[in-house]
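J.: A predicted structure for the sequence below; I have some questions about it.
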Amino acid sequence: MSSRLISARGLVRAIGLSALAGGAFLATSGVAQGPALAMLDRLEPGLWEVRARDEADTVQVCVDNGRKLIQVRHRGEACRRFVIEDAPTMVTVQYTCPAGGYGHTRVRFENPRLAQLETQGIDKGLPFNFIAEARRLGPCPR
């Protein structure tokens with residue numbers, strides 16, 4: 001009976017090692033695909049205006065890279081991100097912030113100075129959901 005137990009343990013160990021090796025292969029094979037969210041790198045740095053379609057409010061954001069447009073409602077927070085879609089003209093990201101907020105944002109590339117945003121989530125305990133246009137205005141003020 002103990003030999004069967006040892007054999008079963010050996011089998012479990014072999015399965016675990018093969019799964020670990022497979023996971024390592026998948027992790028390294030993704031590196032050759034290019035940088036994640038590369039579409040956002042095509043957006044020009046500078047001062048961007050985010051204008052919600054249903055609201056008169058606008059937000060101006062100094063963008064050094066397009067990734068800042070993912071977290072318009074959680075600017076400056078170090079949130080954990082999970083990439084859902086990473087295509088040449090569209091990215092979708094789900095993120096969770098340590099302060100309890102979260103969001104789901106889709107950014108669609110129009111040209112290096114124009115993008116469309118759809119974002120929803122929770123900020124400061126309240127839900128948000130809006131569609132906006134993000135347009136580069138010029139250089140960031142110094």
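T.: Thanks, I have it.

J.: Show me what L117 bridges to in the sheet.
T.: V107, A132 (DSSP bridges).

J.: Residue nearest the middle of the chain, spatially speaking?
T.: V93 (3.4 Å; CA atoms, centre = their mean).

J.: counting contacts, what elements does the helix or strand encompassing that one pack onto?
T.: In this structure, V93 sits in strand 90-96 according to DSSP states H and E. In terms of contacts (3 or more CB pairs under 8 Å, 6 or more residues apart in numbering; DSSP states H and E), strand 90-96 is packed against helix 38-41, strand 80-86, strand 102-111. In this view, the C-beta of every residue, glycine as well, is placed from N, C-alpha and C.

J.: Can you tell me which of these is nearest to V50?
T.: For V50, the closest of the helices and strands packed on strand 90-96 is strand 102-111, at 10.9 Å, according to CB to CB.

J.: Give me the buried stretch members for the closest one, please.
T.: Y102, G103, H104, T105, R106, V107, R108, F109 (16 or more other CB atoms under 10 Å).

J.: So which of those residues is the closest to G125?
T.: Y102 (11.6 Å).

J.: doesn't R81 make contact with that closest one?
T.: No: between Y102 and R81 there is no contact under CB atoms under 8 Å: 10.5 Å.
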